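Asker: I would like the atomic coordinates for the input below:
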Amino acid sequence: MSNEPVLPIGTMIRLDEIELSRLNFLREAGMECCQLCRIYDDYLSGEEGKKKTKILADALSENNLSVPTIFFSFPDQKWTPDECGITPEKHRALRMIQAARQMRWAKAFGTKYCVCHAGHFPDFDTPAYEKWIADLREFCLLAGENGMYFSFETGPEPAGTLERCLADLNVPSAAINYDPANLLLYNQTDPKEFLDRLGGFVRSVHCKDGRRPVDGAAMGKETPLGKGDTHFIERMKQLFALGFRGPLIIEREILPGPEQDADILSAVALLKELRKTVSA
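Answerer: The predicted structure is shown next:
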């Protein structure tokens with residue numbers, strides 16, 4: 001990573017929700033990059049897609065924002081175990097093609113890290129699992145041939161599941177996007193233990209905080225960065241000690257507005273102070 005910016009700070013941009021003037025806020029907040037998601041056909045296809053992409057590229061350039069990472073998105077995706085991500089066999093071929101198109105599109109921006117909620121993994125040591133590994137290995141090889149990584153977004157899977165999957169894939173372009181809050185929100189592996197086991201695979205980070213579910217809730221609760229139970233500063237120092245220098249992407253998944261903006265600004269300040277502890 002020696003020729004890349006060290007720990008660039010940014011946030012997620014959902015292209016179907018924002019006005020490009022929002023990029024001014026990112027620049028004024030002191031960010032250097034962003035993660036693009038919901039890259040649909042209005043950007044990918046035809047002359048209209050080329051025009052919209054050019055307008056986006058110009059706006060990013062004007063605000064000195066790079067795009068080191070994208071998040072694969074699929075139209076009409078449902079967030080249920082059998083419908084989410086690229087894993088479900090009934091959706092897999094189409095979604096891998098859609099993801100490949102998004103990856104090709106992002107290459108012009110210099111993107112290196114392609115992130116995705118993979119979806120519910122098939123049971124180990126079954127024909128369905130072996131087929132999924134073979135399909136995903138081909139996709140990871142494609143990413144590598146484009147100078148990119150395919151990164152699993154942390155969340156519903158415990159560390160052991162990802163550990164086994166990465167070993168079975170056995171390709172250098174398979175990686176992890178570390179979201180410590182998701183590990184708690186989904187009531188999975190402790191964020192410290194996760195890094196102890198898989199920190200060497202982390203190529204990008206979602207800077208988000210949260211708490212485990214309580215009182216029988218299905219999901220935990222997100223909090224402003226530094227206010228939850230991930231021990232975020234300690235986890236980042238642990239990751240930095242492993243040599244991580246990739247993008248730090250702020251996620252604050254509440255409705256857009258003054259509260260979200262304030263939390264994002266607070267996160268930028270926290271990350272800039274944290275970055276000072278790392279020597280380039």
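Asker: and the strands in the chain?
Answerer: 9-14, 33-37, 66-71, 113-116, 149-153, 174-178, 202-207, 209-211, 221-223, 248-250 (DSSP state E).
Asker: between those strands, which one is nearest to residue 273?
Answerer: Minimum separation from residue 273 across the strands of the chain (C-beta to C-beta) falls at strand 9-14, 11.1 Å. Any C-beta I mention is one placed from the backbone N, CA and C, and that applies to glycine too.
Asker: just the CA trace of that closest one, in PDB.
Answerer: Provided in PDB are the C-alpha atoms of strand 9-14 (Å, rounded to 0.1, in the frame of the first residue of the first chain):
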ATOM      1  CA  ILE A   9     -11.200   9.100   5.600                       C
ATOM      2  CA  GLY A  10     -14.500   9.100   3.800                       C
ATOM      3  CA  THR A  11     -18.100   8.000   4.000                       C
ATOM      4  CA  MET A  12     -20.600   5.900   2.100                       C
ATOM      5  CA  ILE A  13     -22.500   7.600  -0.800                       C
ATOM      6  CA  ARG A  14     -25.700   6.000  -2.000                       C
END
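Asker: neighbouring strands for it, and are they parallel or not?
Answerer: Partner strands and pairing direction for strand 9-14 (DSSP bridges) are strand 33-37 (parallel), strand 248-250 (parallel).
Asker: run through the bridge partners of residue 210.
Answerer: residue 222.
Asker: re the thing from before, got CSV for the strands paired with strand 9-14, with distance to residue 207 and mean pLDDT too?
Answerer: Listed next are the strands paired with strand 9-14 as CSV, based on distance: least, C-beta to C-beta, whole Å; pLDDT from 0 to 100:
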stretch, distance to residue 207, mean pLDDT
strand 33-37, 11, 98
strand 248-250, 5, 98
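Asker: could you export those strands as JSON lines, including mean neighbour count?
Answerer: Converted to JSON lines, the strands paired with strand 9-14 look like this (neighbours: other C-beta atoms under 10 Å):
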{"stretch": "strand 33-37", "mean neighbour count": "23"}
{"stretch": "strand 248-250", "mean neighbour count": "26"}
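Asker: make JSON lines out of these and add distance to residue 214.
Answerer: Output for the strands paired with strand 9-14, formatted as JSON lines (distance: least, C-beta to C-beta, whole Å):
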{"stretch": "strand 33-37", "distance to residue 214": "29"}
{"stretch": "strand 248-250", "distance to residue 214": "25"}
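Asker: related to what we said a few turns ago, can you add distance to residue 57 and give the strands of the chain back as CSV?
Answerer: Output for the strands of the chain, formatted as CSV (distance: least, C-beta to C-beta, whole Å):
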stretch, distance to residue 57
strand 9-14, 13
strand 33-37, 11
strand 66-71, 9
strand 113-116, 18
strand 149-153, 22
strand 174-178, 24
strand 202-207, 21
strand 209-211, 32
strand 221-223, 31
strand 248-250, 19
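Asker: quick check: buried residues in stretch 24-33?
Answerer: For stretch 24-33, a neighbour-count test (16 or more other C-beta atoms under 10 Å) marks 26, 29, 31, 32, 33 as buried.
Asker: residue 126 versus the third one, what's the distance?
Answerer: Residue 31 is 44 Å from residue 126, where distance means C-beta to C-beta, to the nearest Å.
Asker: closest to residue 6 out of the strands paired with strand 9-14?
Answerer: strand 248-250 (10.3 Å).
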